[in-house]
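> coordinates only, no sequence provided:
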């Protein structure tokens, strides 16, 4: 997305919008923040925010430097048979962590969540509003079960990639999927 | 354990031993570090390390400021019927996180693990040597399944207490146990 020909003034405006977005998400949560409020704090026209980023979830992804848009991941998880959703989630997740260009920002995000209550609160309200509510509604699933599945995936990241405890750190993707996918599936089989 | 009558010199010696221990655990891993090596680096007699802390796992617990000794937890988890081990683990874990005096150091530890490769390496080698190998041998269980159970518990801590995502953050211990205990049990039913 980064255009090499971007003028300095544009970069500054973009950074100003992102800083305002981080403030607004931290203060109001993801659900409470608006493109209009972000634009007002940045001193720009709301149309400019749309022009740079698109929708609110895309502003969020840019503000927190997420390597992927969770909304897009959710779509690809929901597109497929429900009886194999555990397998799909684990395979997608392992694939993303395998690539250095997504792994590094994921690690940075885990660290920020652990360190900063503000980042934790931004990610939490985004997840609750833009991810969990959407998936729960699409699958008619209690949100508590969904957060349990999220907890298993987040813990897998901690043990396999952050703590790097053996033999989990060196296990193949197939071994991990064989072990974890049935558990995720179980959370989705209400 | 802290005695109010401890003399300043003793406190200094104790802190010196803990600093040396953190170095040794970071450099050699938990398995490679020895009481003798720690004593040598601190410039004291090994008997003094034993006097202050007891065994190597107790030095580790003090050095990383763990709120509980995992070795003691492991014993209490192993003491009981295997077909209810999932329930035991989840209940014990929720009980520990419920108490402010254990919750705060647990949170601090999660943060340190996420932030510092040295702390992650110390905790990893301790877990591998003093916890996972012990439990795997006692239960004749593949260690990979054990790390999967650890990952679920660690992720539960992240989502329920660090991220505090709803409805997991406000769910009762009973609701959480009902959901998570069968999964932990499944990992133990090889």
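Nice, thanks for sending it over. Predicted, not measured: the structure shown is a model, and the values here were computed from it.

> can you list contacts of the helix or strand residue A:113 falls within?
Secondary structure assigned from DSSP states H and E places residue A:113 in helix A:100-115. Judged by Cβ atoms under 8 Å, 6 or more residues apart in numbering or on different chains, the contacts made with helix A:100-115 from elsewhere in the structure are A:64-68, A:96-97, A:119-120, A:123, A:154, A:157-158, A:161-162, B:110-111, B:113-115, B:158, B:162-163. C-beta here means a position set from N, CA and C on the backbone, and glycine is covered the same way.

> only whichever of these are buried, select them in ChimeraX.
Written as a ChimeraX command, the selection of buried residues from the contacts of helix A:100-115, which uses 16 or more other Cβ atoms under 10 Å in any protein chain shown, is:
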select /A:64,66,96,97,119,120,123,154,157,158,162 /B:110,111,113,114,158,162,163
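
> so which of the contacts of helix A:100-115 belong to strands?
In this view, the contacts of helix A:100-115 have no member that belongs to strands under DSSP state E.

> any weak-confidence spans in chain A?
A:1-8 (pLDDT under 70).

> rerun at 90
A:1-11, A:25-31, A:64-73, A:75-77, A:98, A:100-123, A:125, A:127-131, A:133-134, A:190 (pLDDT under 90).

> for chain B, what's the nearest residue on it?
Shortest chain A-to-chain B distance, computed as Cβ to the nearest Cβ: residue-wise this is residue A:155, at 2.3 Å.

> burial count for the nearest residue to that residue once chain neighbours are set aside?
Spatial nearest neighbour of residue A:155, excluding adjacent residues (Cβ to Cβ, 6 or more residues apart in numbering or on different chains): residue B:155 at 2.3 Å. Neighbour count for residue B:155, taken as other Cβ atoms under 10 Å in any protein chain shown: 24.

> in contact with the residue lying closest to residue A:53 once chain neighbours are set aside, which residues are there?
Using Cβ to Cβ, 6+ apart and skipping the chain neighbours, the partner closest in space to residue A:53 is residue A:59 (4.6 Å). For residue A:59, the contacting residues are A:17-18, A:21, A:35, A:38, A:49, A:53, by Cβ under 8 Å, 6+ apart.

> can we see that at 10 Å?
Remark: with contacts taken as Cβ atoms under 10 Å, 6 or more residues apart in numbering or on different chains, residue A:59 is in contact with A:17-18, A:20-22, A:24-25, A:30, A:33, A:35, A:38, A:49-50, A:52-53.

> hmm, the host helix or strand of residue A:181 in reach of chain B?
Assessed by DSSP H and E, residue A:181 sits inside helix A:173-188. Yes. Using Cβ under 10 Å from any Cβ of the partner chain, a contact is recorded between helix A:173-188 and chain B, made by A:175-176, A:178-180, A:182-184, A:186-187.

> quick one, the helix holding residue A:113 and helix B:100-115 angle?
The directions of helix A:100-115 and helix B:100-115 differ by 160 degrees, with axes from the mean of the first three to the mean of the last three Cα atoms, to 10 degrees as the criterion.

> and helix A:100-115, how far out from the chain middle?
The chain centre lies 11 Å from the centre of helix A:100-115; the measure is Cα atoms, centre = their mean, to the nearest Å.

> what's the closest non-adjacent residue to the residue most central in space within chain A?
The structure's chain A has its C-alpha centroid closest to residue A:70; by Cα atoms, centre = their mean the separation is 4.4 Å. On the basis of Cβ to Cβ, 6+ apart, the spatially nearest residue to residue A:70 that is not a chain neighbour turns out to be residue A:131, at 5.1 Å.

> list the contacts of that neighbour.
With Cβ under 10 Å, 6+ apart as the criterion, the residues that contact residue A:131 are A:30, A:57, A:70-71, A:73-74, A:123, A:146, A:150, B:165.

> which residue is the nearest non-sequential neighbour of residue A:89?
On the basis of Cβ to Cβ, 6+ apart, the spatially nearest residue to residue A:89 that is not a chain neighbour turns out to be residue A:184, at 5.3 Å.
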